[in-house]
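1. This is a predicted model, with the sequence first.
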Amino acid sequence: MAERTAERRATNLLEIRGLNVFYGRSHALQGVDLKLEHGVLSLVGRNGMGKTTLCRAIVGLIPAASGSIRFMGEELVGRSPAEIARLGLGYVPQGRRLWPSLTVDEHLRLAAGNTRSQWSMARIYETFPRLAERRSNRGNQLSGGEQQMLAISRALLLNPKLLIMDEPTEGLAPVIVEQVEEILVNLGAEGDIGILVVEQNIGVATAIAEKVAIMINGRINRIMEAARLEVDRELQQRLLGVGQHSEAEPAQEQESAQEPAAASAEEGRRARPRGPVRVYLSNPTMPTRWSQPAPVALIESAAHTRTSAPEPSVVATAPAVDLRPITRGGVAPVIVAGTLDTKGAELRFIRDRIAAAGVRVILVDLSTSGGPSPADVPPHHVATYFRGGPNAVFSGERGTAITAMSEAFEAWVRRHEPVGGLISAGGSGGSALVAPAMRALPIGVPKVLISSVASGNVAPYVGPSDVMMLYSVTDVAGLNSVSRQVLANGAAAMVGMVKARAASGERDRPQRHADDRPAIGLTMFGVTTPCVNAIVAALEGDFECLVFHATGVGGQSMEKLVDSGALSAVIDITTTEVCDLLCGGVLPATEDRFGAIARTRIPYIGACGALDMVNFGPMESVPERYRGRTLHVHNPTVTLMRTTVQENARIGRWIGDKLNLMDGQVRFFLPEGGVSALDAPGRPFADPQADEELFRALETTVRQTASRRLIRARRHINDPQFAADVVAEFRRMLGGRATRRRARR
């Protein structure tokens, strides 16, 4: 028995030898050899190289002309797709292939049948909670990401030992691509299923697998380490046909997984030819699925001479650190990022100061000039994370290039979290380049931006995050006696924050009180302060109450903490930012207001606080179209405008639509006595008719359920009893939950 078990373990999960497939007289697969022992293997290649044909041949959808396909020792050639599926091989086809008229639940019940396996429908819904929420929706009512989850789930219910997945991220938005990638990584980590993934996205292919097979013209050209392919831009160009090269590449070169790293490094250091060079194109004519390798004579005739030096290899400036992942030994590094082609001296100065303090640091170059880079992470590597492809980053158009590189760097940072901190120096362009990545990091991760625009309006750079901006005094245009002091202070601030966080053992979330009170978020305005203060006084013994000023950015900051898992509930008394969004005020919410609550499903209590007003600056700044309206000078720099019946109806419908998206416990209070300190008898904004229209619009729009309810209160919002009612409802709502539960990480 032991010998039989050992023999079974020694058998490759999938082994393909000499596989040939034809479409008529066209030779699609040409002697393919491939094996998968266990885990995840990615298969990449340009369009038309035969990747989908290989998948279809494995699962028996097209016949093999010759060769062998063995699955756990069983020959698959000649078997029907049904027989192959029963052996334990699952297939997720390109394009998902769902029935548009069947619901999620019906899809899964069809796949589950009456078989008993470790993958049950209950486990599917636990693994993919989004499918559980959408179980009654038809296939054509699902988003692309939800369809892909359903296609994967359908295959898993067959209890496969091997899963074949063809282009699982095709056509998906970047945020959904990340979700699918996480699913594949988790499946591979469990170790119960082997996975062969065909993928065009190099970032995904190298992230989910340790090895990558590259297919060219119907053959497996090589199998190599994913880490090397990820960082070697020139190799991607040569093998995947997206660039130029002047050196011949052996067609059938095979690279061993044990190839010495020193040899690879030596190859990267080899001097590149300078002066006139001969440039060859491996495909002088547009290839198709059935193209034969181009004859040497044709390649030679299509070659041309280039008189300038060729673009240096990315290998020649290979990163000095292991980029997969950048965190080593549990130590998250500080990232120094910026454009080295224009700010190189300043950025290297910052890096050296941080490194001298004993903090691990990585230099990331975000230059868009396309030239060579000595950075640990060169710009060509970062550019591969742009959804439009790296060529769009190095377009030569400064504005477009900065926007593309900014998006690529944000995606790079998200992929390589956790980081110890992020620091940069630059002007307006450099600041705009790095700021989105800083805002994407969790609250609490140190972020320092040294900028020549830091003494002006910094809201576009800081947003709802905790970015520290330091004014450069002189322009960031070289080192001098002033800039050295400012840059050194910025580096010292970063070192101090990183070391303080390390000493306290905190990472990626705000510090907790010693008694571990769960944190809740509350929104407040001057005209709702008595209400919020009373709620805080009643709850602060059991909860850490974080109060946010409802100034547009305040609401965004609160919801950023909700998304990061730092808040366990929200009491959103002051929703006034919606008025400014819809009526053109100066303190608007974003279109994603309430979105974090819907995404996380944490307990939520809201109210109509200050929905009677729109905020403007000084009286003279009020738009001309509003000059005849009811206006109130709150202070010399703030003018408030009373909302009308029509505006309140629109505001109520907008908020109601957002509440309908929330699946957690939701209560929304309608204070009939007035929604702000100015909305009371004898006060300037008293208008019961406008308030009633607001309440009526909410009641008409909101689909009330046992978990989502509107509550009319016959009191003013600042009445102490109103605050007591909110507190009582909040405690009742948490009655079925652990009151002192930890905020999610």
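-> Sure, I can see it. Numbers count the residues shown, from 1 in each chain.

2. Below-threshold pLDDT in this protein: ranges please.
-> Within the chain, the stretches with pLDDT under 70 are 1-10, 96, 113-117, 171-176, 231-233, 238-331, 505-515, 736-745.

3. Residue ranges of each domain in the chain, please.
-> 2-220, 320-504, 519-733 (automatic domain parsing).

4. Any chance of the ones you listed in TSV with distance to Q237 and mean neighbour count as columns?
-> Bear in mind the C-beta positions are built from the backbone N, C-alpha and C, glycine included. Shown next, in TSV, are the domains of the chain (distance: least, CB to CB, whole Å; neighbours: other CB atoms under 10 Å):
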stretch	distance to Q237	mean neighbour count
domain 2-220	11	18
domain 320-504	10	19
domain 519-733	37	19
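
5. For these, give me a markdown table that also has distance to E230.
-> What follows is these, written out as a markdown table (distance: least, CB to CB, whole Å):
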| stretch | distance to E230 |
| --- | --- |
| domain 2-220 | 4 |
| domain 320-504 | 6 |
| domain 519-733 | 27 |
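
6. between those, which gets nearest to A227?
-> domain 320-504 (4.5 Å; CB to CB).

7. SS state for G18?
-> strand (DSSP: H, G, I helix; E, B strand; the rest coil).

8. do the same with P684
-> P684 - assigned by three-state DSSP - is coil.

9. Wait, it touches L678, no?
-> Yes - P684 is within contact range of L678, at 5.6 Å (criterion: CB atoms under 8 Å).

10. anything in contact with each of these two?
-> The overlap between the contact sets of P684 and L678 (CB atoms under 8 Å, 6 or more residues apart in numbering) consists of H632, R642.

11. so how far is L187 from T590?
-> 35 Å (CB to CB, to the nearest Å).

12. cool, and S120?
-> Going from S120 to L187 by CB to CB gives 16 Å.

13. and the lengthiest helix in the chain, what does it pack onto?
-> For the chain, the helix with the greatest residue count under DSSP state H is helix 481-504. Helices and strands touching helix 481-504, by 3 or more CB pairs under 8 Å, 6 or more residues apart in numbering; DSSP states H and E, are helix 340-356, strand 421-426, strand 447-451, strand 468-471.

14. possible to save these as JSON lines with distance to S143?
-> Below are the helices and strands packed on helix 481-504 laid out as JSON lines (distance: least, CB to CB, whole Å):
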{"stretch": "helix 340-356", "distance to S143": "39"}
{"stretch": "strand 421-426", "distance to S143": "31"}
{"stretch": "strand 447-451", "distance to S143": "32"}
{"stretch": "strand 468-471", "distance to S143": "37"}
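
15. closest one to A111 among the ones you listed?
-> Closest to A111 of those, according to CB to CB: strand 421-426, at 44.5 Å.

16. what's in contact with that closest one?
-> Residues outside strand 421-426 that contact it (CB under 8 Å, 6+ apart) are 334-339, 343, 346-347, 350, 354, 413, 430-431, 433-434, 437-438, 441, 445-452, 472, 476, 487, 490-491, 494, 497-498.

17. Return the alpha-carbon coordinates of it using CSV.
-> C-alpha atoms of strand 421-426 as CSV (Å, rounded to 0.1, in the frame of the first residue of the first chain):
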residue,chain,number,x,y,z
GLY,A,421,6.4,54.3,4.3
LEU,A,422,6.4,56.4,1.1
ILE,A,423,8.3,59.6,0.5
SER,A,424,8.9,61.8,-2.5
ALA,A,425,10.1,65.2,-3.6
GLY,A,426,9.0,67.2,-6.7
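
18. Figure out how far that strand is from the centre of its chain.
-> Computed by CA atoms, centre = their mean, to the nearest Å, the chain-centroid distance of strand 421-426 equals 21 Å.

19. Now the element after it, going C-ward?
-> helix 428-440 (DSSP states H and E).

20. Check which helices and strands that following helix is in contact with.
-> Against helix 428-440 (3+ CB pairs under 8 Å, 6+ apart) you get strand 334-338, helix 398-415, strand 421-426, strand 447-451, helix 459-462.

21. I'd like those written out as TSV, with distance to Q236 added.
-> Output for the helices and strands packed on helix 428-440, formatted as TSV (distance: least, CB to CB, whole Å):
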stretch	distance to Q236
strand 334-338	22
helix 398-415	15
strand 421-426	26
strand 447-451	31
helix 459-462	33
